[in-house]
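[1] predicted model follows, preceded by the sequence.
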Amino acid sequence: MIGLLCRNETCRYEAINLCKQFFPGHSVSQTESGDFQVEVSIPYQNEQEVATRVIVCSEKGCFEGNASAPRSEYLGAPDLDVAMGKAFYQAALPCTGYSPPWGILTGIRPVKLFKGLIGEVGLEETQRLFREEFYVSADKTQLCTQVALCELRELSPVEPQDCSLYISIPICPTRCAYCSFVSQENNKVGHKLIDEYLNLLCREIELTGEIIRSLGQRLKTVYIGGGTPAVLSPVQIKKLLASISPLAEGLEEYTFEAGRPDVIDREKLEVLKEYDVSRISINPQTLDDRVLESIGRRHTTAQFYQAFELASAMGFENINTDLIAGLPGDTTEGFCKTMDRILELKPSGITVHSFYKKRSSALAQTGQADEWITAKEAGGVSYAYDALRMNGYEPYYLYRQKDTVGGSENIGWGRNHQIGFYNIYMMNELHSVYACGAGGVTRLIRPDGKIQRIYNFKLPLEYIKGFSQMEERKRGVNEFYGG
Ligand code: SF4
């Protein structure tokens, strides 16, 4: 455990983030005791600069770090965060000997920062700043470089009328032990409620379409995610896609995240074909049945192969597959083997997630996840990245989460220019994303850079009960755009 003492309230949020980054697997408690004691303070701040001091004590002794940064933003990041990160680095490194792969950067979108800096100081200087000012490892700096260059090459210029649509199906066949997402099991939700949810979801899609048209906007991508959208019956999927149809003309990308292979069948895939879905995702997470069982993901490797082969035979050319590195019960060798087997299938996309401890998951609550989070390296991640590059895949989007194994990230890899555009637009906040369904968050972005979020109710039942209230919130969109 880490005992954290913040002398100034403004330090607290970032100090907790830095503790998690520099001491993976340890919980943070705001007390004066623990295996490590961390004290953070701001000795002075004026109009020119802010200074920070960090003291880290352990059985090895006490170490002090001091750093300052010019006021306002410093190199595209908040000044206080940079100063604190540097002081933290000086004090924590002698205590643990551990240098986090992402250095002092704790945000979820390092590539956004990287791209902003390229525009200001050029690529080479940006790489130097990442390594020398933010202490990001050479490997992660290279990853950022590849992702940024891929995005700059693949994306057409953003037009003010562009937008995307996200549809949420927060329902799954069963609940995986590592999941803390709001998704509910379909038999607990019940058929009647799913039908009711779907009816209202279609109404929200219709309303969103009216808003988009009234603002003269144009949908570039649609993403149906979850949960497990393929848990719906063919009739339900047809109803959903039919409600999107009036908006779907000329889309750049239309994704259906089918998700779990155990609920994918020919009839459902035929409906997706009928409505010109261009990209699907079939997610095994691992190709080791023992690991699938230990993480409570109730499908088998054989079911993944069946679903993948069926979709390929039916002419789906853009199939993404999700994997998770560092799963409890998996080994480095096991993950490398999964990667080799997935590469043999040559899917157009492979998304490599790093396992992270989701607080409300069954695994976290039993404490089983902790031992994995303390690992200094997510098993097999570097092997996977090398193998992906050798097989012609390129990283096109990257985001980070807290408490991942080895401090690693999540990356979407694509080949032959088959990348997930929706993910890039959403992650980089390049245009407005309208979200429909329970748990959806609409993120409106105005040409002047102003952002506003509209939150939907989280669970299907809350969504149904609060629908008229939510409809009202959504009608506020025109106001945001000055209509
Ligand atoms: S399939 Fe995904 S969303 Fe559904 S329970 Fe498993 S991890 Fe959670």
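    Nice, I can see it.

[2] mind listing the strands for the stretch 1-150 of the chain?
    Under the criterion DSSP state E, counting those that start in this stretch, strands of the stretch 1-150 of the chain are mapped to 2-6, 28-29, 36-45, 49-58, 61-70, 73-74, 77-78.

[3] out of those, which is closest to the ligand?
    Of all these, it is strand 28-29 that lies closest to the ligand, at 25.6 Å by CB to the nearest ligand atom. (C-beta placed from N, C-alpha, C; glycine too.)

[4] list the helices and strands that closest one packs on?
    Using 3 or more CB pairs under 8 Å, 6 or more residues apart in numbering; DSSP states H and E, the elements in contact with strand 28-29 are strand 2-6, helix 12-22.

[5] so what touches it?
    When contacts are defined by CB atoms under 8 Å, 6 or more residues apart in numbering, strand 28-29 is touched by residues 1-4, 16, 19-20.

[6] on that earlier part again, pick the most deeply packed of the strands of the stretch 1-150 of the chain.
    Highest mean neighbour count among these (mean count of other CB atoms under 10 Å): strand 49-58, with a mean of 21.

[7] so residue 221 makes contact with residue 251?
    Yes. Using CB atoms under 8 Å, residue 221 is in contact with residue 251, at 6.3 Å.

[8] the two: which has the busier surroundings?
    Regarding residue 221 and residue 251, a neighbour count based on other CB atoms under 10 Å identifies residue 221 as having more, with 25 against 20.

[9] run the chain-centre distance for the helix or strand harbouring the more buried one.
    Here residue 221 sits within strand 218-226, counting by DSSP states H and E. Going by CA atoms, centre = their mean, to the nearest Å, the spacing between the C-alpha centre of strand 218-226 and its chain's C-alpha centre is 16 Å.

[10] what comes into contact with that strand?
    159, 161-172, 183, 212, 240, 244, 247-248, 250-257, 259, 421-422, 425-426, 431.

[11] for this structure, what are the low-confidence residue spans?
    357-379, 483 (pLDDT under 70).

[12] who in it is up against the ligand?
    172, 175-176, 179, 181, 183, 226-228, 259-260 (CB under 6 Å from any ligand atom).

[13] distance of the nearest residue to residue 162 once chain neighbours are set aside from the ligand?
    Among residues not flanking residue 162 along the chain, residue 431 sits closest, at 4.4 Å (CB to CB, 6 or more residues apart in numbering). Between residue 431 and the ligand the computed distance is 26 Å (CB to the nearest ligand atom, to the nearest Å).

[14] max pairwise distance over the contacts of strand 28-29: which two?
    Longest distance between any two of the contacts of strand 28-29 is 14.1 Å, between 3 and 20; criterion CB to CB.

[15] you'd agree the residue nearest to residue 162 is up against residue 163?
    Yes. Counting by CB under 8 Å, residue 431 does reach residue 163; the two are 5.4 Å apart.

[16] and the helices in the stretch 201-350 of the chain?
    234-244, 266-274, 289-294, 301-313, 332-345 (DSSP state H, counting those that start in this stretch).

[17] what sits against the residue nearest the centre of the chain?
    With distances taken as CA atoms, centre = their mean, the chain has residue 399 as the residue nearest its mean C-alpha position (5.3 Å). If you count contacts by CB under 8 Å, 6+ apart, residue 399 has them with 108-109, 409-410, 427.

[18] what do you get for residue 279?
    Contacts of residue 279 by CB under 8 Å, 6+ apart are 253-256, 318-320, 348-349, 418, 420.

[19] just the closest of the residues you listed to residue 200, please.
    When those are ranked by distance to residue 200 (CB to CB), residue 256 comes first, at 19.9 Å.

[20] doesn't residue 278 make contact with the closest one?
    No. Look at residue 256 against residue 278 with CB under 8 Å: they stay out of range, at 9.2 Å.

[21] settle it for me: which of the two has more neighbours?
    residue 256 (28 against 17).

[22] for that one, give its distance to the ligand.
    According to CB to the nearest ligand atom, residue 256 and the ligand sit 15 Å apart.

[23] tell me what that residue is bridged to.
    Note on residue 256: beta-bridge partners by DSSP bridges are residue 224, residue 280.

[24] residue 263 versus that one, what's the distance?
    12 Å (CB to CB, to the nearest Å).

[25] do the same with residue 191
    15 Å.

[26] please identify which of the two sits among more neighbours.
    Using other CB under 10 Å as the criterion, residue 191 and residue 263 rank with residue 263 on top: 20 against 11.

[27] nearest residue to that one other than its sequence neighbours?
    Closest residue to residue 263 apart from its sequence neighbours, by CB to CB, 6+ apart: residue 230 at 4.7 Å.

[28] that neighbour and residue 262: what is the separation?
    9 Å.

[29] which one of these two has more residues nearby?
    The neighbour count for residue 230 versus residue 262, taken as other CB under 10 Å, is higher for residue 230 (30 against 19).

[30] residues touching the more buried one, list them.
    237, 256, 258-260, 263-264, 268.

[31] what's the answer for residue 425, then?
    Contact analysis of residue 425 by CB under 8 Å, 6+ apart lists 162, 164, 220-221, 431, 433.

[32] wait, which of the residues you listed is closest to the ligand?
    Proximity of the contacts of residue 425 to the ligand (CB to the nearest ligand atom) peaks at residue 433, which lies at 19.3 Å.

[33] helix, strand, or coil at that closest one?
    Using DSSP: H, G, I helix; E, B strand; the rest coil, the secondary structure recorded for residue 433 is strand.

[34] wait, isn't it in contact with residue 426?
    Yes. Assessed by CB under 8 Å, residue 433 is found in contact with residue 426 at 5.4 Å.
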